[in-house]
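*Asks:* fold the following, please.
(one chain, ligands or ions: 1)
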Amino acid sequence: MKKLMAANWKMYKTWGEAEATARDLVDLAASKLPEDREVLVFPPFTALKAVSDILNPVDGFSTGGQDYYYEDEGAFTGEISPVMLADVGAAYGLTGHSERRHVLGEDDECVGRKTAYGLSRGLKVILCIGELIEERRAGRVHEVLERQLRIGLGGVPGDLDPEQLSVAYEPVWAIGTGEVAGPTEIVEAHAFIRKNLISLFGKKANEIRILYGGSVKPDNCGDIIALDNVDGVLVGGASLHGESFSRIVLA
Ligand code: PGA
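*Replies:* The predicted structure is shown next:
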(Lines give C-alpha, C1' and ligand atoms only; values in the text may rest on other atoms or scores of the structure.)
Protein backbone atom coordinates (compact mmCIF):
# COMPACT_ATOMS: atom_id res chain seq x y z
CA MET A 1 0.00 0.00 0.00
CA LYS A 2 1.50 3.33 -1.07
CA LYS A 3 1.47 6.22 1.40
CA LEU A 4 -0.78 8.99 0.14
CA MET A 5 0.68 12.49 0.60
CA ALA A 6 -2.19 14.90 -0.07
CA ALA A 7 -2.25 18.70 -0.33
CA ASN A 8 -5.46 20.63 0.31
CA TRP A 9 -5.05 24.13 -1.09
CA LYS A 10 -8.51 25.21 0.13
CA MET A 11 -9.57 28.66 -1.19
CA TYR A 12 -6.03 29.78 -1.98
CA LYS A 13 -4.26 30.47 -5.28
CA THR A 14 -5.21 32.02 -8.57
CA TRP A 15 -4.73 29.96 -11.71
CA GLY A 16 -1.21 31.32 -12.26
CA GLU A 17 -0.16 30.81 -8.63
CA ALA A 18 -1.47 27.24 -8.69
CA GLU A 19 0.42 26.44 -11.88
CA ALA A 20 3.63 27.85 -10.43
CA THR A 21 3.30 25.82 -7.21
CA ALA A 22 2.50 22.64 -9.13
CA ARG A 23 5.61 23.14 -11.29
CA ASP A 24 7.78 23.77 -8.20
CA LEU A 25 6.46 20.58 -6.64
CA VAL A 26 7.29 18.50 -9.71
CA ASP A 27 10.77 20.06 -9.95
CA LEU A 28 11.53 19.41 -6.29
CA ALA A 29 9.90 16.02 -5.67
CA ALA A 30 9.22 14.05 -8.87
CA SER A 31 12.70 12.62 -9.48
CA LYS A 32 13.15 11.65 -5.79
CA LEU A 33 9.66 10.26 -5.10
CA PRO A 34 10.03 6.86 -3.39
CA GLU A 35 8.19 3.90 -4.97
CA ASP A 36 5.89 3.65 -1.96
CA ARG A 37 4.60 7.26 -2.08
CA GLU A 38 1.77 8.84 -4.02
CA VAL A 39 1.26 12.63 -4.27
CA LEU A 40 -2.18 14.19 -4.57
CA VAL A 41 -3.14 17.87 -4.85
CA PHE A 42 -6.58 19.37 -4.28
CA PRO A 43 -6.43 22.80 -5.96
CA PRO A 44 -9.39 25.20 -6.04
CA PHE A 45 -11.85 24.27 -8.84
CA THR A 46 -10.73 27.19 -11.00
CA ALA A 47 -7.18 25.82 -11.19
CA LEU A 48 -8.00 22.11 -11.37
CA LYS A 49 -7.53 21.71 -15.13
CA ALA A 50 -4.26 23.67 -15.13
CA VAL A 51 -2.82 21.68 -12.20
CA SER A 52 -4.05 18.34 -13.64
CA ASP A 53 -2.30 19.13 -16.92
CA ILE A 54 0.98 19.58 -15.02
CA LEU A 55 0.70 16.74 -12.47
CA ASN A 56 -1.17 13.93 -14.25
CA PRO A 57 1.62 13.15 -16.76
CA VAL A 58 4.09 12.70 -13.85
CA ASP A 59 4.35 9.18 -12.37
CA GLY A 60 2.85 9.01 -8.88
CA PHE A 61 1.12 12.43 -9.03
CA SER A 62 -2.61 13.16 -9.33
CA THR A 63 -5.30 15.72 -8.51
CA GLY A 64 -8.69 15.84 -6.85
CA GLY A 65 -11.72 18.06 -6.24
CA GLN A 66 -12.18 19.55 -2.76
CA ASP A 67 -15.93 18.99 -2.92
CA TYR A 68 -18.71 17.87 -5.31
CA TYR A 69 -22.47 17.38 -5.38
CA TYR A 70 -24.32 14.05 -5.52
CA GLU A 71 -25.80 14.42 -9.02
CA ASP A 72 -24.24 14.27 -12.51
CA GLU A 73 -25.86 17.51 -13.70
CA GLY A 74 -28.91 19.66 -13.09
CA ALA A 75 -30.24 22.91 -11.67
CA PHE A 76 -27.84 23.10 -8.71
CA THR A 77 -26.36 26.58 -8.91
CA GLY A 78 -22.78 26.74 -7.74
CA GLU A 79 -22.26 22.98 -7.58
CA ILE A 80 -19.82 20.70 -9.41
CA SER A 81 -20.39 17.01 -10.22
CA PRO A 82 -18.01 14.05 -10.07
CA VAL A 83 -18.35 13.76 -13.86
CA MET A 84 -17.12 17.36 -14.22
CA LEU A 85 -14.20 16.70 -11.88
CA ALA A 86 -13.15 13.68 -13.92
CA ASP A 87 -13.51 15.75 -17.10
CA VAL A 88 -10.77 18.14 -15.91
CA GLY A 89 -8.44 15.33 -14.84
CA ALA A 90 -9.32 14.81 -11.17
CA ALA A 91 -9.02 11.23 -9.90
CA TYR A 92 -10.03 11.98 -6.31
CA GLY A 93 -12.76 13.78 -4.39
CA LEU A 94 -12.79 14.99 -0.78
CA THR A 95 -15.85 14.67 1.46
CA GLY A 96 -16.63 15.72 5.02
CA HIS A 97 -13.75 18.16 5.50
CA SER A 98 -14.23 19.95 8.82
CA GLU A 99 -14.63 23.29 7.04
CA ARG A 100 -17.48 21.82 4.94
CA ARG A 101 -19.06 20.44 8.12
CA HIS A 102 -18.51 23.33 10.52
CA VAL A 103 -18.31 26.43 8.28
CA LEU A 104 -20.59 25.41 5.40
CA GLY A 105 -23.02 23.40 7.54
CA GLU A 106 -22.87 19.92 5.95
CA ASP A 107 -24.27 17.18 8.16
CA ASP A 108 -23.34 13.49 8.28
CA GLU A 109 -26.17 12.54 5.90
CA CYS A 110 -24.99 15.02 3.25
CA VAL A 111 -21.40 13.81 3.63
CA GLY A 112 -22.61 10.21 3.31
CA ARG A 113 -24.54 10.92 0.10
CA LYS A 114 -21.53 12.65 -1.43
CA THR A 115 -19.16 9.83 -0.43
CA ALA A 116 -21.34 7.06 -1.88
CA TYR A 117 -22.12 9.04 -5.02
CA GLY A 118 -18.52 9.92 -5.80
CA LEU A 119 -17.46 6.28 -5.42
CA SER A 120 -20.34 5.15 -7.64
CA ARG A 121 -19.09 7.56 -10.32
CA GLY A 122 -15.55 6.16 -10.21
CA LEU A 123 -13.88 8.86 -8.10
CA LYS A 124 -11.46 7.77 -5.40
CA VAL A 125 -12.87 9.37 -2.27
CA ILE A 126 -11.20 10.60 0.92
CA LEU A 127 -13.76 10.87 3.71
CA CYS A 128 -12.62 13.27 6.45
CA ILE A 129 -13.71 12.75 10.04
CA GLY A 130 -12.63 14.21 13.35
CA GLU A 131 -13.83 15.53 16.69
CA LEU A 132 -14.12 19.08 18.03
CA ILE A 133 -12.07 20.03 21.09
CA GLU A 134 -15.23 20.08 23.27
CA GLU A 135 -16.03 16.55 22.13
CA ARG A 136 -12.51 15.36 23.01
CA ARG A 137 -12.68 17.04 26.44
CA ALA A 138 -16.04 15.37 27.06
CA GLY A 139 -14.55 11.93 26.30
CA ARG A 140 -16.69 11.56 23.16
CA VAL A 141 -13.99 10.93 20.53
CA HIS A 142 -15.03 7.32 19.81
CA GLU A 143 -18.72 8.19 19.70
CA VAL A 144 -18.10 10.99 17.16
CA LEU A 145 -15.75 8.96 14.95
CA GLU A 146 -18.07 5.93 15.00
CA ARG A 147 -21.05 8.08 13.95
CA GLN A 148 -19.16 9.94 11.22
CA LEU A 149 -17.94 6.61 9.79
CA ARG A 150 -21.27 4.79 10.07
CA ILE A 151 -23.32 7.56 8.41
CA GLY A 152 -20.51 8.83 6.15
CA LEU A 153 -20.05 5.33 4.71
CA GLY A 154 -23.67 4.19 5.09
CA GLY A 155 -24.38 4.19 1.36
CA VAL A 156 -21.14 2.55 0.28
CA PRO A 157 -21.70 -0.99 -1.07
CA GLY A 158 -20.05 -3.93 0.70
CA ASP A 159 -18.26 -4.93 -2.51
CA LEU A 160 -16.22 -1.70 -2.37
CA ASP A 161 -12.73 -1.83 -3.88
CA PRO A 162 -10.67 -0.76 -0.83
CA GLU A 163 -8.22 1.16 -3.01
CA GLN A 164 -11.03 3.56 -3.96
CA LEU A 165 -11.64 4.79 -0.42
CA SER A 166 -9.44 6.52 2.16
CA VAL A 167 -10.40 8.00 5.51
CA ALA A 168 -8.63 11.09 6.87
CA TYR A 169 -8.59 11.52 10.63
CA GLU A 170 -8.43 15.27 11.18
CA PRO A 171 -9.10 16.37 14.76
CA VAL A 172 -10.75 19.77 14.24
CA TRP A 173 -8.67 21.36 17.03
CA ALA A 174 -5.47 20.49 15.15
CA ILE A 175 -6.45 21.99 11.79
CA GLY A 176 -4.67 25.23 10.99
CA THR A 177 -3.79 25.75 14.66
CA GLY A 178 -0.18 24.54 14.76
CA GLU A 179 -1.33 22.12 17.47
CA VAL A 180 -0.62 18.66 16.10
CA ALA A 181 -2.22 15.63 17.78
CA GLY A 182 0.30 13.60 19.81
CA PRO A 183 1.47 10.15 18.67
CA THR A 184 -0.64 8.37 21.28
CA GLU A 185 -3.78 10.25 20.21
CA ILE A 186 -3.11 9.54 16.53
CA VAL A 187 -2.32 5.83 17.00
CA GLU A 188 -5.35 5.35 19.23
CA ALA A 189 -7.77 7.12 16.84
CA HIS A 190 -6.40 5.35 13.76
CA ALA A 191 -6.69 1.92 15.44
CA PHE A 192 -10.30 2.73 16.35
CA ILE A 193 -11.02 3.80 12.76
CA ARG A 194 -9.42 0.61 11.41
CA LYS A 195 -11.56 -1.50 13.74
CA ASN A 196 -14.73 0.27 12.56
CA LEU A 197 -13.77 -0.08 8.89
CA ILE A 198 -13.22 -3.81 9.42
CA SER A 199 -16.63 -4.15 11.03
CA LEU A 200 -18.17 -2.35 8.02
CA PHE A 201 -16.24 -3.99 5.17
CA GLY A 202 -14.50 -7.08 6.58
CA LYS A 203 -10.79 -7.77 6.45
CA LYS A 204 -10.23 -6.04 3.10
CA ALA A 205 -10.59 -2.84 5.15
CA ASN A 206 -6.94 -3.37 6.08
CA GLU A 207 -6.24 -2.01 2.57
CA ILE A 208 -8.24 1.21 3.09
CA ARG A 209 -5.77 4.01 3.66
CA ILE A 210 -6.16 6.06 6.83
CA LEU A 211 -4.54 9.50 6.60
CA TYR A 212 -3.75 11.92 9.40
CA GLY A 213 -4.40 15.66 8.97
CA GLY A 214 -3.96 18.66 11.24
CA SER A 215 -0.87 20.89 11.36
CA VAL A 216 1.37 18.44 9.48
CA LYS A 217 4.67 20.21 8.70
CA PRO A 218 8.01 19.21 7.14
CA ASP A 219 9.56 18.71 10.59
CA ASN A 220 6.83 16.48 12.09
CA CYS A 221 5.75 14.51 9.00
CA GLY A 222 8.47 11.85 9.22
CA ASP A 223 7.43 10.87 12.76
CA ILE A 224 3.70 10.93 11.96
CA ILE A 225 3.93 8.88 8.79
CA ALA A 226 5.85 6.15 10.63
CA LEU A 227 3.06 5.54 13.18
CA ASP A 228 0.89 2.40 13.10
CA ASN A 229 -2.09 2.64 10.74
CA VAL A 230 -0.96 6.01 9.31
CA ASP A 231 -1.09 5.48 5.54
CA GLY A 232 -0.63 9.08 4.50
CA VAL A 233 -1.21 12.71 5.42
CA LEU A 234 -3.63 15.46 4.39
CA VAL A 235 -1.91 18.83 4.58
CA GLY A 236 -3.35 22.35 4.42
CA GLY A 237 -1.12 25.32 5.30
CA ALA A 238 2.23 23.60 4.78
CA SER A 239 1.17 22.37 1.32
CA LEU A 240 0.82 25.84 -0.15
CA HIS A 241 4.49 26.18 -1.08
CA GLY A 242 6.30 23.71 -3.32
CA GLU A 243 9.36 23.84 -1.10
CA SER A 244 7.58 22.88 2.15
CA PHE A 245 5.18 20.36 0.58
CA SER A 246 8.02 18.63 -1.28
CA ARG A 247 9.83 18.19 2.07
CA ILE A 248 6.66 16.62 3.48
CA VAL A 249 6.26 14.35 0.46
CA LEU A 250 9.84 13.12 0.79
CA ALA A 251 9.90 13.00 4.63
P1 PGA B 1 -3.61 22.21 8.18
O2 PGA B 1 -4.98 21.77 7.46
O3 PGA B 1 -2.53 21.31 7.66
O4 PGA B 1 -3.42 23.65 7.77
O5 PGA B 1 -3.82 22.04 9.65
C6 PGA B 1 -5.29 20.41 7.29
C7 PGA B 1 -6.60 20.27 6.55
O8 PGA B 1 -7.47 21.15 6.67
O9 PGA B 1 -6.81 19.28 5.82
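
*Asks:* can you pull the residues of the protein lying near the ligand?
*Replies:* Counting by C-beta under 6 Å from any ligand atom, the residues of the chain lying close to the ligand are 8, 170, 175-176, 213-216, 234-238. The C-beta positions use only the backbone N, C-alpha and C, and glycine is treated the same way.

*Asks:* let's see it at 5 Å
*Replies:* Contacts of the chain with the ligand, taken as C-beta under 5 Å from any ligand atom, map to 8, 175, 176, 213, 214, 215, 234, 235, 236, 237.

*Asks:* quick one, phi psi at the second one?
*Replies:* The one in question is residue 175. Here is the backbone geometry of residue 175 (degrees, to the nearest 10): phi -90, psi 120.

*Asks:* state the pLDDT value of it.
*Replies:* The per-residue pLDDT reported for residue 175 equals 90.

*Asks:* spell out the residue ranges of the strands in the protein.
*Replies:* For the chain, the strands defined by DSSP state E cover 3-8, 37-42, 61-65, 92-95, 124-129, 165-169, 209-213, 232-235.

*Asks:* columns mean pLDDT on top of those strands, output as JSON lines?
*Replies:* Output for the strands of the chain, formatted as JSON lines (pLDDT from 0 to 100):
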{"stretch": "strand 3-8", "mean pLDDT": "98"}
{"stretch": "strand 37-42", "mean pLDDT": "98"}
{"stretch": "strand 61-65", "mean pLDDT": "98"}
{"stretch": "strand 92-95", "mean pLDDT": "98"}
{"stretch": "strand 124-129", "mean pLDDT": "98"}
{"stretch": "strand 165-169", "mean pLDDT": "98"}
{"stretch": "strand 209-213", "mean pLDDT": "98"}
{"stretch": "strand 232-235", "mean pLDDT": "98"}
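
*Asks:* out of these, which comes closest to residue 77?
*Replies:* Ranking those by proximity to residue 77 (C-beta to C-beta) places strand 61-65 first, at 17.3 Å.

*Asks:* in the protein, what residue comes closest to the ligand?
*Replies:* Per C-beta to the nearest ligand atom, the residue of the chain with the smallest distance to the ligand is residue 236, at 2.4 Å.

*Asks:* dihedrals phi and psi, that residue?
*Replies:* The phi/psi pair for residue 236 (degrees, to the nearest 10) is phi -100, psi -100.

*Asks:* which residue is the nearest non-sequential neighbour of it?
*Replies:* Counting by C-beta to C-beta, 6 or more residues apart in numbering, residue 8 is the residue found nearest to residue 236 once chain neighbours are left out, at 5.1 Å.

*Asks:* one step back: closest one to residue 25 out of the residues of the chain next to the ligand, please.
*Replies:* In terms of C-beta to C-beta, no member of the residues of the chain next to the ligand lies closer to residue 25 than residue 235, at 11.9 Å.

*Asks:* mind listing what that closest one touches?
*Replies:* Residue 235 makes contact with 5, 6, 7, 8, 213, 216, 245, 248, according to C-beta atoms under 8 Å, 6 or more residues apart in numbering.

*Asks:* which pLDDT value belongs to residue 10?
*Replies:* Predicted confidence (pLDDT) for residue 10: 98.

*Asks:* sorry, wrong one. I was asking about residue 192.
*Replies:* Listed pLDDT for residue 192 reads 98.

*Asks:* count residues in the vicinity of residue 241, would you?
*Replies:* Using other C-beta atoms under 10 Å, residue 241 has 13 neighbouring residues.
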